[in-house]
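return atomic coordinates for the entry below.
(chains A and B)
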Amino acid sequence: AQSVTQLDSQVPVFEEAPVELRCNYSSSVSVYLFWYVQYPNQGLQLLLKYLSGSTLVESINGFEAEFNKSQTSFHLRKPSVHISDTAEYFCAVRENNAGNMLTFGGGTRLMVKP
Amino acid sequence: ETGVTQSPTHLIKTRGQQVTLRCSSQSGHNTVSWYQQALGQGPQFIFQYYREEENGRGNFPPRFSGLQFPNYSSELNVNALELDDSALYLCASSLGSGSSTDTQYFGPGTRLTVL
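Numbering: from 1, shown residues only, chains lettered A, B, ... in the order given. Prediction:
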């Protein structure tokens, strides 16, 4: 069975600084990878996804993530964060033989300070 | 195009009661999945419905059950509520299971509190 580990439960960072949120997974089969963002008292919003092709994927609001198969990682990065990026970020994995079931990590709370 | 909607927004029940949560999938989507998100944790998969049939289940007891209707909306029913059932319940819809490009889109969730 697959599992997802988000190594940092909280990441404090100053506005306009770069940030990296780490995600590692384990699986015996090929996977699809996702990052979701959750703002306070809201549901999950899809941020970006890796299904195939280029290992570097980008979102419309400046985030990017790189799939590294050898290190089984899918870290999320942003070169310059804004106050509005403050939220909980979840990494998720879907195995290609597990239908549509997502396995989530425990989440990382990004706290952007002025 | 409307997104995924869920009702009610909040709900308070007492231990031993039964609860029904509702979800309307995004237009054109025929697959609905339900997740439980306990406070401070990531969502956990409960089950999935595809064209009115359950086609996947996580590690949840039988007192968690569901339905999907011909219009692809869905219900999650929980019997004999326990304190640990307090959580945010998330519904997600997608175009259909099996496609490698299939992506789940989540609703805002129902916050259930069991006293």
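
now do the same contact list for the closest residue in space to A:P79 that isn't next to it in sequence.
Sequence neighbours aside, A:P18 is the residue nearest to A:P79 in space, at 5.1 Å (criterion: CB to CB, 6 or more residues apart in numbering or on different chains). (Each C-beta comes from the backbone N, C-alpha and C, glycine too.) By CB atoms under 8 Å, 6 or more residues apart in numbering or on different chains, the contact list for A:P18 reads A:77-81.

quick one: A:P18 from chain B, how far?
24 Å (CB to the nearest CB, to the nearest Å).

B:N30: neighbour count?
17 (other CB atoms under 10 Å in any protein chain shown).

what's the spacing between it and A:G62?
From B:N30 across to A:G62, the span is 33 Å (CB to CB, to the nearest Å).

please apply the same query to B:Q36.
31 Å.

and if you look at A:K49?
In terms of CB to CB, A:K49 sits 16 Å off from A:G62.

now, which of the contacts of A:P18 lie within strands?
A:77-78 (DSSP state E).

just the buried ones from the contacts of A:P18?
Neighbour-count burial (16 or more other CB atoms under 10 Å in any protein chain shown) applied to the contacts of A:P18 gives A:78, A:81.

just the contacts of A:P18 now: which is nearest B:C91?
A:K78 (28.6 Å; CB to CB).

surely that closest one is in contact with A:V19?
Yes - using CB atoms under 8 Å, A:K78 makes contact with A:V19 at a distance of 5.4 Å.

what residues do those two have in common as contacts?
Common neighbours of A:K78 and A:V19 (CB under 8 Å, 6+ apart) are A:D85.

is chain A contacted by the worst-scoring helix or strand of chain B on mean pLDDT?
Here the helix or strand of chain B ranked lowest by mean pLDDT, DSSP states H and E is strand B:53-57, holding a mean of 89. Yes - residues of strand B:53-57 contacting chain A under CB under 8 Å from any CB of the partner chain: B:55-56.
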